[in-house]
Each structure stands twice: as C-alpha cells, then as structure tokens.
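Student: Here's my sequence, what's the structure:
(2 chains)
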Amino acid sequence: MTKDEVAAILDEIGTLLELQGENAFRTNAYHNAARTVSQLEGDLKEMIAAKTLGDVRGIGEAMLDKITTLVTTGRLKYVEDLRAAVPPGLVEMLRIPGLGPKKAKAMHDQLGIDTIDKLRAACEVGEVAKLKGFGAKTQDKILEGVRFLGTVGNRVRADLARTLGTAVLERLKALPGVTRAELCGSLRRGRETAKDIDILVSSADAKPIMEAFVTAPEVMQVTGHGPTKSSIVATTTVGGTKVVLNADLRVVTDEQFPFALLYLTGSKDHNVRLRQRAIDRGYSLNEYALTGDDGPVPCKTEEDVYAALGLKWVPPEMREDTGEIDLAATGPIPVLVEPGEIRGVFHNHTTESDGSVSLETMAKAAKTLGYEYFGVGDHSQSLTVANGLTPDRVRAQWAEIDALNKKLKGVRILKGTECDILADGSLDFDDDLLAGFDYVVASVHSHFGLSEDEQTERICKALSHPSVTMLGHPTGRLLLRREGYKLNMEKVLQAAAKYGKMIEINAQPDRLDLDWTHVKRAKALGIPLVINPDAHSPEDLEYVPLGVTVARRGWLTKADVFNTRGVAEVMKELERRKRGK
DNA sequence: GCCGTTTTCGGCCCGACTGTTTTCAGTCG
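Tutor: Numbering: from 1, shown residues only, chains lettered A, B, ... in the order given. Sure, this is the predicted structure:
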C-alpha cells in the first residue's frame, strides 16, 4: 500500500469520526497524520521495518499501529467498521459548501437523511428548516449547494486558477486607494492545483474595494460580503476551458499587510508552527499583528515578521511544514532556483512526431526565450499514435540538425529522443542507434496496468541501460484526470542514484511530474533534476517556469538542476556520460 | 489522538462570517 493510499484512509477515518460526533482534536489528529504520511520522505515499509516511523511528529502509538497494519496486510478492521457504521451519503454531503459534520449528523439523526437525494427532498418540503439550529436560509443554502455539486469546490489546475485569480487581482490593483495587493494561498505557494483563490489587498478604506470585488464581471455568485472579507464564486474561460472557483478577498490596513500576507499564504500547518513559536517566545501572532508584552512589534514585510521570531525568511513554496521552520531557525535557507536560470531544454517535440511546428521553428522559439540550447526529443518508433520516428527517420533528423546548427546562431540544437520504455524494460531503439544521440529521455507510454512490482522493475531496468540519460515524466500522472502508474518511487529513485541517471520534472501543467514531494527525496539521493517543458508547440516552451515552481517546492537550488548549466558544460557532461565516465 | 524545559494530564492557532439566536455554534481557511 502506497503512502497516498494510507493517507487517504487516515483522512477517511478522521472524516468518519467527525460524522460520529467525535472530539475535534482526535479527528484532527487523523487528518494531520494523513498529511504527514503523504509528505513523508523515504519508503513507508522501510521506515516501519527500521522502527523510525514512530519518531515522526504527529505519528503516535495508535497511528503507528494502524499504519503498520495497513502496510503489512493491506486492510484495517477499524476503518471497515467505521464505514459500516456511517452511510456513504453522509460523507458525500460534506462536499456541500457550508455543510459540515455537525449539521450532517443532526440531519441524519433527526430526519434519517443519508443520501444527497433524501437531503434535497427534505429541503424541498421544508423539513430541514424546522430543525433546531437550522432555518430557512440554511435550507436554501444547502439546496443551492446541492445544485452546485460538481462545478464548485473541485480543484482546478494551478495555471488556470492563476489566470482567473490574476484577472480579478489586476482589476483590484487598478482601484484608487489600493496600496499593496497579492495572490496568496496555494497559488502563491506554487501548488499544482488550487481549490480556491485568495486575494489580499491593503488600503485605508476597504468598502469600495469590497464593492468592486463582489460586482466584478467574473462573479457568478456572492457567497459572503463583510466589511473586511468577502467571498465569491468566480468564473472565466481560459483557452476554451471554463474555470469555476471560489475566491476570497481580505482587505487590511497597510500596517497589517505583512501579517495578513503570511497568514493567507499558509500553509495551515506552517502557520500553526509559526504561531506556536510565537507563543513559545512570549508573543501572540495573528493575521493582523505580532504582539508581545510591550505591545505590537512593527513589521513592514514578511521578512520582518520571520526575523522577529528568530527566523530567516522562508520562500512561499517551502511553507509546507516539512522542516523549513527548523531550517530557518538554524541554518541558511537554500537559494532556490529561478526561472531565469534555466539555459536550455531537452524534452520537446516537432512535426516529425506529434509536435505542431518544425524543428527550425521550435529552435528559433527557444532562442527567442533566451535558451542557449534546444534538445529535440521526438517519440520513438513504437509510439505509432504519436508518429514515432523509425531509425531511418532518426538519422535523417540528425542530418537536419547538423545543417541547422551550421545555419542558426545563438542556439544549439541537441540530438535527443524520447525513447519508449517497452513492457519488459528494454528500449525502443537498438544500442547502436541509442549511442548516436547526445542524450536519451526514457519514458513510459504503454502498459500502465502492470503491477507495482512489475512497473518498478521495468523502469529500473530501463535506468540501468548505459545510453539512458534521464527518466521522463516518472509517474505518467495527469493531474485531476489520471493517477500515475503504480510504482515504488523510492526504488526508482534508488536505481537512478545507483546508475547515475537524471530525473525529469515535466513542466506540462497537467503533469508536473516528478511530484514535489519526491523531488526532495531525489535531491537527498544526489540525483540531478532536469526541468523540461515537453513542448509540442512554441507556446508550450513557456511551461518551464511551472516546472521551476515544482523544483522550488522540492527545495532545489541552481546547482541541483542540470539545465541551469550553459551549453558548453552540458555538452561536456553528456559526452562524459556517453564515454561511460 | 498527540505531545511534553509546565512530561502521563490537560491542553491542542486564531479569527471572519453566517445564521440562528439574543450570546453563540458551525463552518471555513
């Protein structure tokens, strides 16, 4: 059982206990443990065997026992009993905005409601409004929420959410009286998907800004409208995709801005740690101020707030409570890699396989973006649906590259391939042809259904091939659409480290694969990471910064990312690898 | 259920908004 599967079950236990009316601190312990497990570095099985899992903060005796049972047997009677005791419809009801475990339980206990259908029916005949603590407005809100199920409240790809958030933000920034304005929350932290948009504005007069927010053209519905905080359901269309998201606006004074920025950026766990640290040092921290015995501590920026707590400033991408606060207290924070430091790209397609423009056009587009080298990585022969290249077409492309390299100035085209990893872990070209490339990106595009062991072994075998330079999109996931193939990532990373291979961070917005949680582990194992746009058109080259964000979330510096090196150094290193060191 | 320089009990971050109620509980972040 994988970390994510274990985490999902711990989360489910927390939710089921909430629906049974259990103490919030106990249910929170399960939700916290779920988050902790999903972000664990290293392999669960190994940690259990080495008896180190119990040392992790938030994993006590009971959690350790349950996780061990899940990992070793794949089952847990405790959760099965809970599932039997709580109707599944009740869990589903929690997805309705404004409806939490207390209300769900009350309706179940008093009206026997255990499905969304029964809930809708009870609202329509006015039964719900009669309950103690409920009323007509609550009932209407629930009905509205039932209708909205499936459109609002779903996570959205971060790049789409950012487009919508930026549109609203720019509108607010243009208003008179606005001093500072920022997108906060998961968008500022660079998460790969977003559940909502958080906007913070500082101004002496909140009212006109609130008004502008709730009447903006993006507004679909106003769900809250107070003096300092308002909430809307916002929508826009991005490249033919309709995006619908909740958006919150907070307006504070400019003195309060750094505290509010810190608070609204999160993560929740990072904030809890900061507040705990504040308490330990005799302060109290909230979204408006840091207050000590002698009154508020003046801070103009986030840096000031961290400094007042004896910490170095933590970049938003690192604020996930995975050790960054301890680091900020004791040592230097790594200087995270920046988009401008990427000097070339390796994994891209042209019309020769499934790209939309020619090699020459792609290379010129790369040069326009300031890249020194453009690596072509068209598909290999087995991937016929993507017009994969046969060996003859590969050699023809090499000739084209040689000719273009004589003609084009300021950008060097590298001879690469995105070579399929076949079902048995062998590669899609013979060894002689593979040895002729400057580098080889090895990727899985078929047989997604293999068992975890088979898939892991297949990929590790491919990594052992001397011509392979890097592993492309390591899990094959498509965010919000398709789970990655089953894989023991720890073993894959161990293999990459053993054979001296690189791992790709695929920057396509629906891939972002390697996931940031594994990026940290890869770095710890000394594996070089490569940020690739997997571009199929010139526009796709602009995905690179999304991959840089993943790298930053994995604490990577310039030195950890191979394509921050210049073309001469890259060629030298690729040559060295081809000679077998 | 977790945790501990207040260590085996008694806390557990803190505040906005809504709707219900009339001082507060529930939800959300």
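
Student: what's the closest residue to A:Pro391 other than its chain neighbours sitting at in phi/psi?
Tutor: Excluding the flanking residues, the one nearest A:Pro391 by Cβ to Cβ, 6 or more residues apart in numbering is A:Leu433, at 5.2 Å. C-beta: built from backbone N, CA, C; applies to glycine. Listed backbone geometry of A:Leu433 is phi -60, psi -40, with angles given as degrees, to the nearest 10.

Student: Isn't A:Leu433 up against A:Arg393?
Tutor: No - under the criterion of Cβ atoms under 8 Å, A:Leu433 makes no contact with A:Arg393, lying 11.1 Å away.

Student: Which residue of the two possesses the greater neighbour count?
Tutor: A:Leu433 (18 against 15; other Cβ atoms under 10 Å).

Student: count of residues packed around A:Pro176?
Tutor: When neighbours are counted by other Cβ under 10 Å, A:Pro176 registers 8.

Student: and it, what does it touch?
Tutor: A:Pro176 sits next to A:Pro208 when contact means Cβ atoms under 8 Å, 6 or more residues apart in numbering.

Student: Look at it and tell me its secondary structure.
Tutor: Counting by DSSP: H, G, I helix; E, B strand; the rest coil, the backbone at A:Pro176 sits in coil.

Student: Next one: it from DNA strand B, what distance?
Tutor: Separation of A:Pro176 from DNA strand B (Cβ to the nearest atom of the strand, to the nearest Å) stands at 21 Å.

Student: So what's the predicted local confidence for that residue?
Tutor: We have a pLDDT of 94 for A:Pro176.

Student: so which helix or strand takes in the residue nearest to A:Thr301 when sequence neighbours are not counted?
Tutor: What sits nearest to A:Thr301 in space, not counting adjacent residues and going by Cβ to Cβ, 6+ apart, is A:Pro258, at 5.3 Å. Taking DSSP states H and E as the criterion, A:Pro258 maps to helix A:257-265.

Student: and the angle from the following helix or strand past that helix to helix A:257-265?
Tutor: Under the assignment DSSP H and E, the closest C-terminal helix or strand after helix A:257-265 is helix A:268-280. Angle of helix A:268-280 versus helix A:257-265, following axes from the mean of the first three to the mean of the last three Cα atoms, to 10 degrees, is 130 degrees.

Student: mind checking the SS state of A:Gly89?
Tutor: helix.

Student: For burial, what's the neighbour tally of it?
Tutor: A:Gly89: 16 neighbours (other Cβ under 10 Å).

Student: The one 5 residues further on now?
Tutor: When neighbours are counted by other Cβ under 10 Å, A:Leu94 registers 14.

Student: If we ignore the residues flanking it in sequence, what's nearest it?
Tutor: A:Ala104 (6.3 Å).

Student: residue contacts, the one you found?
Tutor: Per Cβ under 8 Å, 6+ apart, neighbours of A:Ala104: A:Leu19, A:Leu90, A:Met93, A:Leu94.

Student: quick one, strands of the stretch 351-500 of chain A?
Tutor: Taking DSSP state E, counting those that start in this stretch as the test, the strands found in the stretch 351-500 of chain A are A:373-376, A:412-415, A:418-420, A:441-443, A:470-471.

Student: ditto for the stretch 1-150 of chain A
Tutor: So, for the stretch 1-150 of chain A - with DSSP E, counting those that start in this stretch - there are no strands.

Student: Measure how buried the residue in chain A that DNA strand B sits nearest to is and give me the count.
Tutor: Closest approach between chain A and DNA strand B, counting by Cβ to the nearest atom of the strand: A:Gly135, at 1.9 Å. For A:Gly135, the neighbour count with other Cβ under 10 Å is 13.

Student: can you redo the strands of the stretch 351-500 of chain A as JSON lines with mean pLDDT and distance to DNA strand B?
Tutor: Shown next, in JSON lines, are the strands of the stretch 351-500 of chain A (pLDDT from 0 to 100; distance: least, Cβ to the nearest atom of the strand, whole Å):
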{"stretch": "strand A:373-376", "mean pLDDT": "97", "distance to DNA strand B": "40"}
{"stretch": "strand A:412-415", "mean pLDDT": "97", "distance to DNA strand B": "44"}
{"stretch": "strand A:418-420", "mean pLDDT": "96", "distance to DNA strand B": "39"}
{"stretch": "strand A:441-443", "mean pLDDT": "96", "distance to DNA strand B": "36"}
{"stretch": "strand A:470-471", "mean pLDDT": "97", "distance to DNA strand B": "35"}
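
Student: Below-threshold pLDDT in chain A: ranges please.
Tutor: For chain A, applying pLDDT under 70 flags the ranges A:150-153, A:581.

Student: Which segments of it make up each domain?
Tutor: A:1-79, A:87-149, A:156-182+A:193-245, A:258-330, A:339-578 (automatic domain parsing).

Student: need the longest strand for chain A.
Tutor: In chain A, assigned by DSSP state E, the strand with the most residues is strand A:241-252.

Student: what lines up beside that strand in the sheet?
Tutor: Here strand A:241-252 has these sheet partners by DSSP bridges: strand A:196-203 (parallel), strand A:229-238 (antiparallel).
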